[in-house]
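Participant: Starting from these lines, generate the structure:
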Amino acid sequence: MTRISRVALAVLVTAGLAAPAWAQAVTQTDIQRLQDSTYLADRDITTLRSRDAGRASQLQAELDDLKDEVIYLKVKLRKDRTLTRTEFGDVRDRIDAVRSRATTSSASNNDPGTSNRSPNYDSGRTGTTTDTRRPLPRGAVEVPSGTELDARLQTELNSGTAQVEDRFEATTLQDLTADGRVAIPAGAVLRGVVSSVEPATRTNRTAKLTVTFDQVTVNGRDYPMRGTVTQALEGEGIKGDIGKAGAGAAIGGILGAVLGGGKGALLGVLIGGGGTIAATEGKELDLPQGTVLRVRLDSPLQIQPAR
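Facilitator: Numbers count the residues shown, from 1 in each chain. The predicted model follows:
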């Protein structure tokens with residue numbers, strides 16, 4: 001930036017006028033909007049898949065690469081505390097292009113509910129992403145945002161060994177119904193990713209780990225999702241309670257009482273906003289295999305149940 005440009009910018013700021021887009025810093029809010037857009041793109045591609053599987057697979061591969069780039073930008077911003085608007089804009093525009101191609105392809109296949117509208121980004125200003133709602137595909141059900149489900153970790157998660165972008169899996173404990181049908185059966189696989197890690201050190205006694213869930217597999221089919229952890233419970237404690245049930249007891253009711261009442265909460269663990277899990281005992285955060293995580297859906301989830 002030239003000296004004259006810097007002076008002009010200072011005058012604008014002093015006058016209370018908004019700085020131009022190229023002069024404004026990229027924030028974590030901007031990165032979150034990128035992630036929101038990838039979730040919407042996933043849904044667009046899912047809608048397209050029933051009409052043009054080949055095209056959907058091609059766009060999904062592009063989107064998977066873009067998801068990795070979004071994570072890279074998020075890590076870079078956290079580490080370097082700066083990110084150019086050009087870097088942000090390039091990824092944003094490519095995600096928008098994938099959405100546009102997915103919705104245009106759907107429209108060309110006579111889907112009256114699709115639209116080629118892209119998220120409403122206003123470069124340099126904070127705002128919300130425009131979500132274009134679509135009719136449900138034939139035979140599908142929608143699990144509302146805010147719904148919670150319980151899943152058991154298949155591998156250990158530890159703040160001392162975990163790395164950003166590590167993948168892990170958990171399996172659901174109970175059938176989840178929507179519109180009177182089983183949308184997500186017990187045993188369905190949730191795929192999660194580690195989005196941030198803060199191991200314990202001499203100066204930082206509070207280890208933290210943030211995980212999110214981005215995919216659920218139902219009847220052999222993968223569905224994009226967005227979920228955050230709201231509670232962690234000891235897996236062994238729950239097994240013990242179920243073992244005490246008589247042959248005619250309602251196992252689902254017992255599980256609901258155990259989980260809903262908070263019984264068996266994992267000691268030394270505190271879960272804050274955004275799904276960040278923190279250790280409270282001055283050591284590494286450790287979630288053993290078998291730990292039960294309560295997961296809240298942060299966006300609606302469309303599922304094609306088994307017939």
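Participant: and stretch 29-44, how far out from the chain's middle?
Facilitator: With CA atoms, centre = their mean, to the nearest Å as the basis, stretch 29-44 stands 9 Å off its chain's centre.
Participant: swap that for stretch 222-230, please
Facilitator: So, by CA atoms, centre = their mean, the centroid of stretch 222-230 is 5 Å from its chain's centroid.
Participant: List the buried residues of that stretch.
Facilitator: Buried residues in stretch 222-230, counted by 16 or more other CB atoms under 10 Å: 223-229. For glycine as for every other residue, the C-beta is placed from the backbone atoms N, C-alpha and C.
Participant: Off-centre distance for the helix or strand where Thr171 lies?
Facilitator: When elements are assigned from DSSP states H and E, Thr171 belongs to strand 167-172. The chain centroid and the centroid of strand 167-172 are separated by 13 Å, computed with CA atoms, centre = their mean.
Participant: Relative to Gln163, how far out is Thr201?
Facilitator: 16 Å (CB to CB, to the nearest Å).
Participant: Now do the strands in the stretch 201-307 of the chain.
Facilitator: 208-218, 221-233, 269-271, 276-279, 286-287, 292-297, 301-303 (DSSP state E, counting those that start in this stretch).
Participant: which residues in the stretch 1-150 of the chain form strands?
Facilitator: Under DSSP E, counting those that start in this stretch, the stretch 1-150 of the chain gives strands at 141-143, 148-153.
Participant: Okay, now the sheet partners of the following helix or strand past the longest one, with direction.
Facilitator: Looking back up the chat, that one is strand 148-153. Later in the chain than strand 148-153, the nearest helix or strand by DSSP H and E is strand 157-158. Next to strand 157-158 in the sheet, as set by DSSP bridges, lie strand 286-287 (antiparallel).
Participant: tell me, what residue is most central in the chain?
Facilitator: In the chain, the centroid-proximal residue (CA atoms, centre = their mean) is Arg226; its distance is 3.4 Å.
Participant: Isn't it up against Val216?
Facilitator: No: counting by CB atoms under 8 Å, Arg226 stays clear of Val216, with 10.5 Å between them.
Participant: so where's the stretch 101-250 of the chain shaky on pLDDT?
Facilitator: 106-135, 235-250 (pLDDT under 70).
Participant: Can you give me the buried ones in stretch 191-211?
Facilitator: Buried, per 16+ other CB under 10 Å, within stretch 191-211: 191-200, 206-211.
Participant: Report all helices and strands that the top helix by length along the chain contacts.
Facilitator: Determined from DSSP state H, the single longest helix within the chain is helix 53-80. Helix 53-80 makes packing contacts with helix 28-49, helix 85-108, strand 189-198 when contacts are defined by 3 or more CB pairs under 8 Å, 6 or more residues apart in numbering; DSSP states H and E.
Participant: related to what we said a few turns ago, how about the strands of the stretch 201-307 of the chain in CSV, adding distance to Glu169?
Facilitator: Output for the strands of the stretch 201-307 of the chain, formatted as CSV (distance: least, CB to CB, whole Å):
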stretch, distance to Glu169
strand 208-218, 9
strand 221-233, 12
strand 269-271, 20
strand 276-279, 17
strand 286-287, 13
strand 292-297, 11
strand 301-303, 17
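Participant: Among these, which comes closest to Ile45?
Facilitator: For these, the distance to Ile45 is smallest for strand 221-233, at 8.1 Å, taking CB to CB.
Participant: List the neighbours of the closest one that are in contact with it.
Facilitator: 39, 42-43, 46, 148, 150, 190, 211-217, 258-259, 262-266, 269, 271, 274-275, 277, 287, 291-299, 301-304 (CB atoms under 8 Å, 6 or more residues apart in numbering).
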